[in-house]
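K.L.:
missing the sequence, but the structure's below:
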């Protein structure tokens, strides 16, 4: 009785088509409000990873907006662990930040992918006096003669330790500043960290009664997630006994005996119970672990100094130089820079912002915070003074820097892959794998990526 | 699965075998046309978002594509590289081990749970509580478990230490995969069990009554009556589990904060890593294509082997 | 882990009283109602299962109520010593930046209301439209004859074997070139019309429906659309609802696609928002109390669903009552 003519069919077809059309008509979800066309007010998106540094850059942003009325700077923080993958995803979507913080390790990679704008071309370097920067910071961001970044700051690695525990163990700051590492396990540095280890019965690591299964405070907190740099750990110690990233012929040197010795020393310390096993690594980072008194000392970067020395800390921390070795003393040093994304629709405004970031005006202001050492020398001077005034001064940093007791971090084009290869090797070693063979395999793999 | 009638066999002829009046013909034409119209939305979606992207992916696999710039054609280089890629091979092995363990263990546990549900006549609300992990997104699950298993502060480790056992850790190379497997099973158990339970309730009572009359024990009835009769359900659950567990990707990505240890890098993670972290989308696509082919072959074999086409019930 | 339900493969058994609470009475003359040791063990196992299913979520909530400063000290307590609302407050953006930082965060927030709305739209629209489109296709395959029926169906089935990551990037490139990135249409486009599994599942069911009614209607001159929309669909309420439910849950849990295609405030969904919150942790350490608060907030809708509709949920998965 019911006749459903092709009309119903049409209805169905119409429904299908309509759904698709309706979807098209759906309002756009809207982007992040990234900048208007030329002439209108513009918002610059800037990314960084360190939440502690954010307030100082926001202060710069405010000052910048006052001087440039139609440019607003919006700063987003993404933790280091996700920073680079988020950047990539956003670049691919076409919604990358206009400017962001760059570090030496990654600069070559991102430059080769064409993601970094040439700062000279877009006018970001106008009026910049490159002599005002601390030596080396600006050069790091000159990739094949293209200037891709203006330096923001420089940093160096030191040793932070629990002052109370050290005093109890009989160590003064002078003694700690004079510690030596030679990879044999018989040096004063090893003795120090053993002395800092404490088991549940109150025995420290030097005592024969030390119970490695019942440790309350480890001697030293190792850092295993440094990729190929060893910036906060093994890199400093390996350099002290003569290791370098590159061999004489320019090839990668990750299989060198000095590095093997250093990592084997780490394994020995883990076996002794002076360092925690890899499994026991907490998701809590270095600072909370130290703050909870779970380890007596660790190597950490100068950008953490204000954290550790803040009054709110329950434990009294102090800083010293990294240990010296037969080849000298080498503390990892690095510099960060502001860069402009090549896909930014607001390059002109972005250039002005990066220019401002690299200027003495901004960097002297950030120096006042005393959190980092700005790349501009006068900014560093101010930072040092500010720290002294707060009782958070660490003269050791400047001393090591000026004495040239440093090593630079390398940068590779296929950075992510090299990083993964070496990182995996380090993790395996941290879990107990044979150091020599693991490093040899990894070095070959990494070398293939660099050629 | 269905009884086929003569009608399934393709186009009609102008005069029906059943000898129906000619008035049928317009309806058959209308039928075909109607079928096509009904198919249009799904076809459009399938072609545009499944077939075309697959084709495009095949194209990418022949290029050097860093995601941010235009792809450069390089022919079969990616495949050549893949042949010698030990890491890819290892991660495929890891993935297969993971899938087999997950599916076997998961199905067995789900069967036991379903049996319990049935035997104990569990109330609906109990069965629905068991569904909770399935309803929660993997992102949240990964975070919760990463925290529960924290090397220093995780509560689970606290409990283990309290009874004298060593802790477990995401970062232990030999424990990591089993942990991920366990979490995967945990999150799907309630759901899988419910499905199997649904299958079990299909089994007519007479079967059990007959078995009881013959003097069979419960255990025997379970193995000889229930299991065989729900074989198609089990088979389907196994196949879908396998396909799904290949993709336990969110767990790994979030649980490790983006940086998983090698032990848990399944082939899917490897593809993601090559494509998004190493800027080698072309190579990633090549791996994905090879994987798709392997999956297809495995599934075909699986379905054949379990003779899942027929149920002993219908 | 797995993603899909199972079709009713034994539709024509008329003998057993099936239904979601089917209780096959194993009339073994052994007094199955007594509490035997076996039973006790069985109940213990069930209790353990429930505990294991629920405890991690309890722990999540408990951590969410712990002040960040006491995270370490309290880590082995079942109940926080000083429960606080501050984590929820700062996650939902109800505190100032200073308070948020002081409480252990970075000022990152989770715009719960908006993201939940986005997720509801995402899951709901796909569930409804996709299921309908797939039902139409499934009916076509199940009931109508046309050349290439099996081949075409086989083609759709092959889609099941295509791993998600295979289509992720090309779809992304397509959506980007359409200018649909970070829009709702771009978010729902790939899934809105088709799911090979849904087609398979619904076709199975349609095949199991008795043909007589439809054949009678056909003789009466009811056209295909009439038969489908006015007869078959209403008869299939159960499985269609089940399919929609499964789809809603699946889409609710989606992460990779919304991450790459719709990561702007206007379109972000809960899963991506949670990951973003994790990414905005303090650089030195994950903000666990905040993360757990954020996770709790994203789990709440699911929990409410379970409490309100748990029974229906369970019963629809056990849709043997599909007739």
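P.N.:
Received the coordinates, thanks. All of these numbers come straight from a predicted model, not from anything done at the bench.
K.L.:
give the contact list for residue C:49.
P.N.:
Neighbouring residues of residue C:49 by C-beta atoms under 8 Å, 6 or more residues apart in numbering or on different chains: B:113, B:116, B:130, B:189. C-beta: built from backbone N, CA, C; applies to glycine.
K.L.:
count of residues packed around residue A:334?
P.N.:
24 (other C-beta atoms under 10 Å in any protein chain shown).
K.L.:
confirm that it sits in a helix.
P.N.:
No. Using DSSP: H, G, I helix; E, B strand; the rest coil, the secondary structure at residue A:334 is strand, not a helix.
K.L.:
partner residues bridging it?
P.N.:
Residue A:334 has the following beta-bridge partners by DSSP bridges: residue A:155.
K.L.:
list the residues that contact it.
P.N.:
Per C-beta under 8 Å, 6+ apart, neighbours of residue A:334: A:103, A:104, A:154, A:155, A:156, A:231, A:301, A:408, A:409.
K.L.:
from residue A:233, how far out is it?
P.N.:
According to C-beta to C-beta, to the nearest Å, residue A:334 stands 14 Å off from residue A:233.
K.L.:
what about the residue nearest to residue B:280 when sequence neighbours are not counted, distance to residue B:87?
P.N.:
What sits nearest to residue B:280 in space, not counting adjacent residues and going by C-beta to C-beta, 6 or more residues apart in numbering or on different chains, is residue B:274, at 4.7 Å. According to C-beta to C-beta, residue B:274 and residue B:87 sit 10 Å apart.
K.L.:
who has more neighbours out of these two?
P.N.:
Neighbours around residue B:274 and residue B:87, counted as other C-beta under 10 Å, are more numerous at residue B:274. The numbers are 25 against 16.
K.L.:
where in the chain is pLDDT low?
P.N.:
In the absence of a named chain, this looks at chain A. Within chain A, the segments meeting pLDDT under 70 span A:1-39.
K.L.:
oops, wrong one, chain B.
P.N.:
Ranges of chain B meeting pLDDT under 70: B:1-31, B:243, B:246-247, B:302-303, B:305-314.
K.L.:
what residues does it put near chain A?
P.N.:
B:30, B:33-34, B:37-38, B:40-41, B:44, B:66-69, B:146-147, B:150-153, B:167, B:169, B:171-173, B:175, B:257-259, B:261-262, B:273, B:276-279 (C-beta under 8 Å from any C-beta of the partner chain).
K.L.:
list buried residues within these.
P.N.:
B:30, B:34, B:37-38, B:40-41, B:44, B:66-68, B:146-147, B:150-153, B:167, B:169, B:171-173, B:175, B:257-258, B:261-262, B:273, B:276-279 (16 or more other C-beta atoms under 10 Å in any protein chain shown).
K.L.:
filter those residues down to the ones near chain C?
P.N.:
B:30, B:34, B:38, B:41, B:44, B:67, B:147, B:152, B:153, B:257.
K.L.:
now the last one: how far from residue B:224?
P.N.:
Spelled out, that is residue B:257. Separation of residue B:257 from residue B:224 (C-beta to C-beta): 49 Å.
K.L.:
next one: the second one
P.N.:
According to C-beta to C-beta, residue B:34 stands 47 Å off from residue B:224.
K.L.:
swap in residue C:265?
P.N.:
In this view, residue C:265 and residue B:224 are 59 Å apart by C-beta to C-beta.
K.L.:
more crowded one of these two?
P.N.:
Remark: of residue C:265 and residue B:224, residue C:265 carries more neighbours, 16 against 13, as counted by other C-beta under 10 Å.
K.L.:
helix or strand for residue 152, which one?
P.N.:
All of this is about chain A. Assigned by DSSP states H and E, residue A:152 belongs to strand A:149-162.
K.L.:
wait, I meant chain C there
P.N.:
helix C:149-158.
K.L.:
which parts of the stretch 201-350 of chain A sit against chain B?
P.N.:
A:225, A:278, A:279, A:280, A:281, A:282, A:283, A:284, A:289, A:294.
K.L.:
now the helices for the stretch 51-200 of chain B?
P.N.:
Taking DSSP state H, counting those that start in this stretch, the helices of the stretch 51-200 of chain B run over residues B:52-61, B:77-83, B:86-119, B:124-129, B:132-135, B:138-148, B:155-162, B:173-200.
K.L.:
hmm, the first one in reach of chain C?
P.N.:
So that's helix B:52-61. Yes. Figure legend: helix B:52-61 in contact with chain C (C-beta under 8 Å from any C-beta); contacting residues B:52, B:53, B:54, B:56, B:57, B:60.
K.L.:
for the single nearest residue of the stretch 51-200 of chain C relative to chain B, which non-adjacent residue is closest in space?
P.N.:
Here the residue of the stretch 51-200 of chain C nearest chain B is residue C:193; by C-beta to the nearest C-beta that distance is 2.7 Å. In this structure, residue C:193 finds its nearest non-sequential neighbour in residue B:45, 2.7 Å apart by C-beta to C-beta, 6+ apart.
K.L.:
what about residue A:40, neighbour count?
P.N.:
Neighbours around residue A:40, by other C-beta under 10 Å: 8.
K.L.:
so who does it touch?
P.N.:
residue A:70 are the contacts of residue A:40 under C-beta under 8 Å, 6+ apart.
K.L.:
and it, which of the three is it?
P.N.:
Per three-state DSSP, residue A:40 ends up coil.
K.L.:
again, but for the one 3 residues further on
P.N.:
Under the three-state scheme (three-state DSSP), the conformation of residue A:43 reads as strand.
K.L.:
still on that earlier bit, mind checking which of the residues of the stretch 201-350 of chain A next to chain B land in helices?
P.N.:
residue A:289 (DSSP state H).
K.L.:
how many residues are close by residue 161?
P.N.:
This is for chain A. 29.
K.L.:
hm, I was asking about chain B
P.N.:
12.
K.L.:
pretty sure it sits against residue B:167.
P.N.:
Yes. Counting by C-beta atoms under 8 Å, residue B:161 touches residue B:167, with 6.2 Å between them.
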